[in-house]
Every structure is written in C-alpha cells, then in structure tokens.
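Sequence first, then the predicted structure, then my questions.
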Amino acid sequence: MRKKTKWDGIRIGDKVRHGEYGLGDVESKKGSGDDARVLVSFRGGELRELALKYARLKILKQARLR
C-alpha cells in the first residue's frame, strides 16, 4: 500500500502558482505519490513538466469534478 501525499488531490484544470514561473493551469498529471508529475501551462504560454515533490506549487482554485 502506497503512502498518500498532499498532492494526491491535484486535478487537471486546477489553477496554481509557482514561485518562479507564476500563475498557471494544470494540463495533465501522471504518476502518483512521490513520483507524481504535472504539466502546467503558465501565463505567457510556457509549458513546464514539474515533479510535485519538488515544485512547491500552491493550489489557488481547484477544478470542478465532472
């Protein structure tokens, strides 16, 4: 059984803030736990794949479940 992390609840469509890249939207998520990664589209069109374990993202607004 794997250990839950605080990032298990991050969803595609969430609005996030990163200390260096600024505001962005979560476009995709892969992996889970300590291996979880997200693709974030930041303002200005920059795309970054970030390891959630290290990214220090702040979730500003969670996307609605469909």
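On my side now, so go ahead.

Tell me where this structure has helices.
52-55 (DSSP state H).

what's the single longest strand in the chain?
strand 22-30 (DSSP state E).

Would you mind pulling the contact partners of it?
10-18, 36-43, 47-48, 60, 63 (Cβ atoms under 8 Å, 6 or more residues apart in numbering). Quick note: C-beta positions are derived from backbone N, CA and C, even for glycine.

List only those of those flagged as buried.
Using 16 or more other Cβ atoms under 10 Å as the burial test, those include I10, D14, V16, H18, A36, R37, V38, L39, V40, F42 as buried.

can you name the two of those residues that are farthest apart?
Farthest-apart pair in these is A36 and F42; separation 18.5 Å (Cβ to Cβ).

Hmm, which of the buried ones among the contacts of strand 22-30 is lowest in pLDDT?
Among those, I10 carries the weakest pLDDT, at 89.

For it, which residues are in contact?
Contact analysis of I10 by Cβ under 8 Å, 6+ apart lists V16, V26, K29, A36, V38, L52, L57, I59.

now, which of the buried ones among the contacts of strand 22-30 lie within strands?
In this view, the buried ones among the contacts of strand 22-30 that belong to strands under DSSP E are V16, H18, R37, V38, L39, V40, F42.

Chain neighbours aside, what residue packs nearest to the second one?
Put plainly, it is H18. L57 (5.7 Å; Cβ to Cβ, 6 or more residues apart in numbering).
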